[in-house]
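# No sequence on hand, only this structure:
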């Protein structure tokens, strides 16, 4: 990663708060390994019920984030490695307005990455069980993308998702060529998947939730991956 001028002194390296699910203990270490010039600060979010979008759920989410922000202190950006409470544009705008620094979310980053590629037709790969997978596909449809085909790996628990091997994920990505030959990109869901350690090769562009989110954070920092 190339940092912006004035950011190369270790004392001045950018501070990024990583808001992650407690079910995702790997992300912080993977970020620190891949991008050691950034000071990645841990912001573990406990389990919260629902989707974080309803009037009953929203106050608890916002209070939880306020606590994470207070503990982190001054930061240059917030990497929100969650979909919880960030499915809609209005919800993402509220999170961004409340954050102490520019905040980027996984759902927002994925949409921007796909649109930047001009990829309206996609093949979707998720690590989830069928019900959660269907929710992800439906969300893509609501955001204006056409899912030509999709596949899921049948895992809903964070511990199981984090153990998915590179070969399994690569096989899932490769299915796009056979199942969706007209697709313009492959979308790989979930920031719990350890895609930072899994180079995914395909004849189509591959957009991972984690990769898209990191690209946006680097843009905020004035850096390149």
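Received, thanks. Source: prediction; values computed, not measured.

# pLDDT weak spots in the chain?
Regions of the chain meeting the criterion pLDDT under 70 cover residues 1-11, 223-225.

# Strands of that one, start to end?
Using DSSP state E, the strands assigned to the chain run over residues 15-21, 39-45, 77-80, 103-105, 121-126, 146-152, 185-188, 206-208.

# Show me which parts of the second one are buried, residue by residue.
By 16 or more other CB atoms under 10 Å, the buried positions in strand 39-45 come out as 39-43, 45. Placement of C-beta: from N, CA and C, glycine included.

# now for those residues, which pair is the farthest apart?
39 and 45 (19.4 Å; CB to CB).

# hmm, back to that, any chance of the strands of the chain in a markdown table, with distance to residue 163 too?
Listed next are these as a markdown table, based on distance: least, CB to CB, whole Å:
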| stretch | distance to residue 163 |
| --- | --- |
| strand 15-21 | 15 |
| strand 39-45 | 19 |
| strand 77-80 | 23 |
| strand 103-105 | 25 |
| strand 121-126 | 16 |
| strand 146-152 | 16 |
| strand 185-188 | 16 |
| strand 206-208 | 17 |
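
# Of the ones you listed, give the one that comes closest to residue 162.
Comparing the strands of the chain by CB to CB, strand 15-21 comes nearest, at 10.5 Å.

# now what about that closest one, what contacts it?
27-28, 31, 38-45, 47, 65, 68-69, 72, 74-82, 84, 101, 158, 191-192, 217, 221 (CB atoms under 8 Å, 6 or more residues apart in numbering).

# Could you pick out the buried ones from those?
27-28, 31, 38-43, 45, 65, 68-69, 72, 75-82, 84, 101, 158, 191-192, 217, 221.

# Domain map for this structure?
What automatic domain parsing lists as the domains of the chain is 10-106+212-221, 108-208.

# Measure how far the shortest one is from the centre of its chain, please.
If I follow you right, that is domain 108-208. The chain centre lies 12 Å from the centre of domain 108-208; the measure is CA atoms, centre = their mean, to the nearest Å.
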